[in-house]
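Asker: sequence plus predicted model, see below.
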Amino acid sequence: MIQTLSYLAKFRDWRLLIAAGVAGFCLTLAVLEAAVAASVSLGGAPILAIALAGALVGIFLAFAWAALRVIRKLNEQNVRRDFALNNMAQGLCMFDGQHRLVVWNKNYETLYGLGPTIRRGCSIGELLAARHAAGTLPLDPKRYEANLRAALDHGDIFTVEVEMADGRIVAVVNRPTSEGGWVATHEDITERKRAERELDNTRAFLDMIVENVPSPIIVKDAANLKYLLVNRAAEDYFGIDRAKIIGKDSADILPKAIVDAIIVEDRKTVETGEITYQGEHGVVTPGNGKRIVTATRLPVKDTDGKPKYLITVVHDITERKRSEQRIAHLAHHDSLTDLPNRATFNECIGATIELAGAAGDSFGLLCIDLDRFKAVNDVFGHPVGDALLLEAARRIEQTCQGAFVARVGGDEFAVVTPTAQQPQAAAALAERLQAAFETDITIDSHQMRVGITIGVAIFPQDGADATTLVANADAALFRAKSEARGSIRFFEIAMDQQLREKRVLQQDLRKAIEQNELALHYMPQANMDGKITGFEALARWHHPRHGLVPPDVFIPLAEESGLIGALGEWVLRTACREAASWPKPLHIAVNLSPVQFQHGDLPTLVHQVLLETGLSPARLELEITEGVLIGDFTRAVAMLRRLKHMGVRVAMDDFGTGYSSLSYLQSFPFDKIKIDRAFVANLSHSQQSATIIRAVIALSRGLNMPVVAEDVETEAQRAFLAAEGCDAIQGFLVGRPMPIEDYAKLVGRKPARPAITLVARA
Ligand code: C2E
Ligand code: CA
Ligand code: CA
């Protein structure tokens with residue numbers, strides 16, 4: 001009613017009311033006049049009163065009609081307002097100046113699950129408490145209300161985002177009204193927030209990917225080519241923090257020479273709008289040195305199709321390039337001395353021959369061998385050996401100055417001299433080289449003097465092609481080594497001839513082994529009292545043309561060509577079979593070459609031969625030299641231990657000649673030491689030999705290893721050895737190496753040869 005009246009007041013249609021009053025008054029007067037005219041006479045006053053009453057009725061009717069119109073209008077407005085309110089996407093509520101709810105919509109109710117609690121006139125405090133109870137206000141209601149009021153009192157808009165227990169998020173905006181109340185909109189922004197979060201996550205994910213791509217990624221503004229973004233790999237690539245890159249252009253951080261090229265490439269990509277590839281190029285970075293890279297540039301266009309960004313993906317291939325270079329270097333250089341290796345030497349000699357041949361020049365090829373290197377390596381160990389090689393390489397390089405120096409083998413070096421007057425220039429260089437090795441070399445407090453032996457061949461007279469020249473320099477070195485360590489030999493045609501002969505002899509030896517043309521001679525060994533204890537088997541080769549070839553010649557030949565394997569096996573099998581057939585259980589000594597330890601499984605072979613021949617292992621004695629232990633010491637000792645484990649005896653042959661005998665003697669429990677032939681042979685004229693023999697015998701006592709002296713030819717020698725306490729002897733005094741038939745009696749057989757032969761001989 002109040003609302004209706006206030007609307008009516010607002011309506012204010014005074015003219016209608018006056019017109020209604022006047023019309024009512026006139027109408028009543030007309031009715032009265034008509035009544036008077038008809039018959040009734042009325043006084044003036046009653047007529048006026050009736051007319052007034054009529055006017056009032058008119059006004060009343062007009063008023064009632066207007067009120068009806070207003071009510072209808074209000075109803076229409078309310079329906080429209082409710083329709084609008086309830087069809088809003090947001091929840092809405094309105095509070096009056098006393099903070100009481102006056103208007104709200106359905107959305108507000110359902111948004112917070114308020115149900116019947118909500119009623120017109122309820123306070124904001126009650127509403128918040130109801131929401132809190134319904135679990136749709138995860139905040140402290142009192143504090144919330146206080147904050148809201150404080151903001152509204154200041155005339156501020158109070159906004160808040162509330163995430164409810166069920167995960168929905170509502171954005172609330174409270175706007176103060178002029179009546180001291182406020183209007184609040186409540187918008188469910190769950191979906192929007194989720195989409196925003198998803199977008200944030202996607203962006204963070206993309207950032208993370210770009211950041212972690214291992215290739216440098218650089219993004220520039222296509223308009224001014226300034227850096228906009230760089231990832232972590234790009235920071236590493238430039239070697240500076242991104243803070244020093246972003247917002248700058250290439251000229252601010254890179255050297256000018258590079259910048260020009262970069263700008264050209266950048267512009268090309270921006271102008272063409274196409275992906276471009278920049279091949280291998282160097283970039284001097286501000287904090288990461290020189291890098292070798294390739295780069296792919298791609299423009300990113302905006303909606304108009306114009307390039308907006310320029311992305312550069314850099315492929316840093318520096319490490320790959322460096323390792324390629326390292327590998328290439330290693331392929332051409334020796335890893336210890338860093339000198340060119342044999343492959344590079346071969347290339348060099350080929351190229352030098354080509355150049356010198358075309359120019360009609362001459363040059364020298366020097367093959368250098370380090371004397372006693374193996375011994376040093378073995379006595380002092382590999383680190384000292386390596387240091388010695390390094391020092392030798394340094395001295396050779398320093399002396400050669402400008403000549404090509406290569407390490408072509410373990411302790412072998414080659415020098416290609418510059419073209420000059422030959423052979424004088426090569427001879428002078430060879431002498432300077434030898435002089436460079438005249439001073440002692442000290443490594444780890446070990447002082448040593450290591451000489452060098454040199455073989456020289458001159459281009460073109462000693463070889464017009466690489467193979468011949470190298471072979472002839474080798475032949476000269478071979479000759480120098482066999483004649484005198486520390487010497488220099490120039491190639492001579494005769495050497496070539498000897499090499500050829502050597503090769504032929506090697507062929508012959510192969511045939512001899514295959515066709516079983518070798519023989520064994522047996523040399524007796526005796527106690528000091530003359531009692532024969534066993535025999536040493538010595539190989540003999542009777543060559544159809546050259547006659548008897550000494551083992552000192554054909555054994556090294558067999559070792560060089562690999563024939564020693566077959567030869568050694570034949571000797572071992574033949575000697576064991578022979579000894580197994582003797583009635584007397586004398587021992588049999590067999591010589592083993594160091595090469596037999598390097599290839600194949602020697603212990604297994606010995607085991608097989610013993611089984612095959614039936615010889616007791618205790619009767620077999622294997623003679624080895626220090627050469628066996630030089631090289632792969634561990635492998636050799638392991639093999640010796642396996643042999644010893646079988647019950648076979650092991651003797652150290654030619655003791656005293658080597659460099660490191662003592663250390664070897666301590667490394668393995670030998671069953672016997674054989675003093676080198678040279679000491680006994682020199683006894684008569686060398687006091688030193690007597691001293692050495694004495695020392696060796698004393699040493700063997702200490703180590704509890706019996707000593708055998710070789711090459712005993714005279715009674716005087718035997719007497720000396722007996723006096724010194726030697727255990728056994730071997731030599732012409734006891735018996736020469738002979739076919740076993742000659743020692744039939746000694747081995748317990750009847751003499752094979754008929755007596756008549758002996759008579760005939762005598
Ligand atoms: P080796 O093992 O030191 O053999 C002893 C050498 O000294 C033998 O020479 C022998 O004839 C000689 N000899 C022994 N006593 C005397 C003596 O009183 N006076 C003189 N003038 N010489 C004496 P051979 O048979 O010429 O052998 C030389 C070397 O050849 C051997 O030295 C050995 O190292 C090697 N050799 C011989 N046969 C074989 C074999 O079957 N296998 C291997 N791997 N090497 C063998
Ligand atoms: Ca021997
Ligand atoms: Ca010997």
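Answerer: Now that the structure is in, tell me what you want to look at. Ligands and ions are numbered 1, 2, ... in the order given.
Asker: kindly report the residues of this structure close to ligand 1.
Answerer: 523, 538-539, 550-552, 555, 571, 591-593, 623, 653-654, 677, 710-713, 730-732, 737 (C-beta under 6 Å from any ligand atom). Yep, even glycine has a C-beta here, placed from its N, CA and C like the rest.
Asker: using PDB, list the CA coordinates for stretch 218-237.
Answerer: This file holds the C-alpha atoms of stretch 218-237, laid out as PDB (Å, rounded to 0.1, in the frame of the first residue of the first chain):
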ATOM      1  CA  ILE A 218      67.300 -17.000 -29.000                       C
ATOM      2  CA  VAL A 219      64.200 -14.900 -29.700                       C
ATOM      3  CA  LYS A 220      64.600 -11.400 -31.100                       C
ATOM      4  CA  ASP A 221      62.200  -8.700 -32.000                       C
ATOM      5  CA  ALA A 222      61.800  -8.900 -35.800                       C
ATOM      6  CA  ALA A 223      61.500  -5.100 -36.000                       C
ATOM      7  CA  ASN A 224      64.700  -4.000 -34.200                       C
ATOM      8  CA  LEU A 225      66.500  -7.400 -33.800                       C
ATOM      9  CA  LYS A 226      66.800  -6.900 -30.100                       C
ATOM     10  CA  TYR A 227      67.000  -9.900 -27.800                       C
ATOM     11  CA  LEU A 228      63.600 -10.700 -26.200                       C
ATOM     12  CA  LEU A 229      64.200 -14.200 -24.800                       C
ATOM     13  CA  VAL A 230      67.100 -16.600 -24.400                       C
ATOM     14  CA  ASN A 231      66.900 -20.000 -22.700                       C
ATOM     15  CA  ARG A 232      69.400 -21.500 -20.300                       C
ATOM     16  CA  ALA A 233      71.400 -23.300 -23.000                       C
ATOM     17  CA  ALA A 234      71.800 -19.900 -24.700                       C
ATOM     18  CA  GLU A 235      73.000 -18.300 -21.500                       C
ATOM     19  CA  ASP A 236      75.600 -21.100 -21.300                       C
ATOM     20  CA  TYR A 237      76.500 -20.700 -24.900                       C
END
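Asker: pLDDT on that stretch, on average?
Answerer: Mean pLDDT, stretch 218-237: 95.
Asker: over to stretch 640-654?
Answerer: 96.
Asker: for stretch 750-759, same thing?
Answerer: Here the average pLDDT along stretch 750-759 is 50.
Asker: what about Lys511, neighbour count?
Answerer: Neighbours of Lys511 under the rule other C-beta atoms under 10 Å: 10.
Asker: A helix includes it, no?
Answerer: Yes. Under DSSP: H, G, I helix; E, B strand; the rest coil, Lys511 sits within a helix.
Asker: got a list of what Ile258 touches?
Answerer: Ser250, Gly282, Val283, Val284 (C-beta atoms under 8 Å, 6 or more residues apart in numbering).
Asker: hmm, the last one is touching Lys290, no?
Answerer: Spelled out, that is Val284. Yes. Between Val284 and Lys290 there is a contact under C-beta atoms under 8 Å: 5.2 Å.
Asker: which one's more surrounded, these two?
Answerer: Val284 (12 against 9).
Asker: who's in contact with the more buried one?
Answerer: Val284 is in contact with Leu254, Pro255, Ile258, Lys290, counting by C-beta under 8 Å, 6+ apart.
Asker: same thing but at 7 Å, please
Answerer: Pro255, Ile258, Lys290 (C-beta atoms under 7 Å, 6 or more residues apart in numbering).
Asker: kindly report the same for Ser581.
Answerer: Ser581 makes no contacts at all, as judged by C-beta under 7 Å, 6+ apart.
Asker: and His542, what helix or strand is that in?
Answerer: Assessed by DSSP states H and E, His542 sits inside strand 532-543.
Asker: avg pLDDT for whichever helix or strand comes after that strand?
Answerer: The helix or strand immediately downstream of strand 532-543 is strand 547-549, counting by DSSP H and E. In this model, strand 547-549 has a mean pLDDT of 92.
Asker: which residues of the stretch 551-700 of the chain fall in strands?
Answerer: Applying DSSP state E, counting those that start in this stretch to the stretch 551-700 of the chain gives strands spanning 587-591, 620-624, 649-655, 672-675.
Asker: make JSON lines out of those and add mean neighbour count.
Answerer: Converted to JSON lines, the strands of the stretch 551-700 of the chain look like this (neighbours: other C-beta atoms under 10 Å):
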{"stretch": "strand 587-591", "mean neighbour count": "23"}
{"stretch": "strand 620-624", "mean neighbour count": "23"}
{"stretch": "strand 649-655", "mean neighbour count": "23"}
{"stretch": "strand 672-675", "mean neighbour count": "24"}
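Asker: can you tell me which of the ones you listed is nearest to Asp369?
Answerer: Nearest to Asp369, of all the strands of the stretch 551-700 of the chain, is strand 649-655, at 21.8 Å by C-beta to C-beta.
Asker: and the contacts of the closest one?
Answerer: Around strand 649-655, the neighbours that count as contacts under C-beta under 7 Å, 6+ apart are 589, 591, 620-625, 640, 643-644, 661, 665, 670-676, 696.
Asker: one step back: packing partners for the strand holding His542?
Answerer: Strand 532-543 is packed against strand 518-527, strand 547-549, helix 551-561, helix 564-580, strand 587-591, with contacts defined by 3 or more C-beta pairs under 7 Å, 6 or more residues apart in numbering; DSSP states H and E.
Asker: residues contacting Thr574?
Answerer: By C-beta under 7 Å, 6+ apart, the contact list for Thr574 reads Leu520.
Asker: domains of the protein?
Answerer: Following automatic domain parsing, one finds the domains of the chain at 2-85, 91-193, 217-322, 361-491, 506-743.
Asker: can I get these in JSON lines with distance to Thr344?
Answerer: Formatted as JSON lines, the domains of the chain follow (distance: least, C-beta to C-beta, whole Å):
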{"stretch": "domain 2-85", "distance to Thr344": "95"}
{"stretch": "domain 91-193", "distance to Thr344": "71"}
{"stretch": "domain 217-322", "distance to Thr344": "20"}
{"stretch": "domain 361-491", "distance to Thr344": "6"}
{"stretch": "domain 506-743", "distance to Thr344": "26"}
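Asker: distance to ligand 2 for those - can I get that in TSV?
Answerer: Shown next, in TSV, are those (distance: least, C-beta to the ion, whole Å):
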stretch	distance to ligand 2
domain 2-85	122
domain 91-193	97
domain 217-322	55
domain 361-491	20
domain 506-743	4
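Asker: any idea which of those domains has the lowest pLDDT on average?
Answerer: Across the domains of the chain, the lowest-scoring stretch is domain 2-85, with a mean of 71.
Asker: against which helices or strands is the helix ranked longest in the chain packed?
Answerer: The single longest helix within the chain, with elements called by DSSP state H, is helix 44-86. In terms of contacts (3+ C-beta pairs under 7 Å, 6+ apart), helix 44-86 is packed against helix 2-11, helix 14-38.
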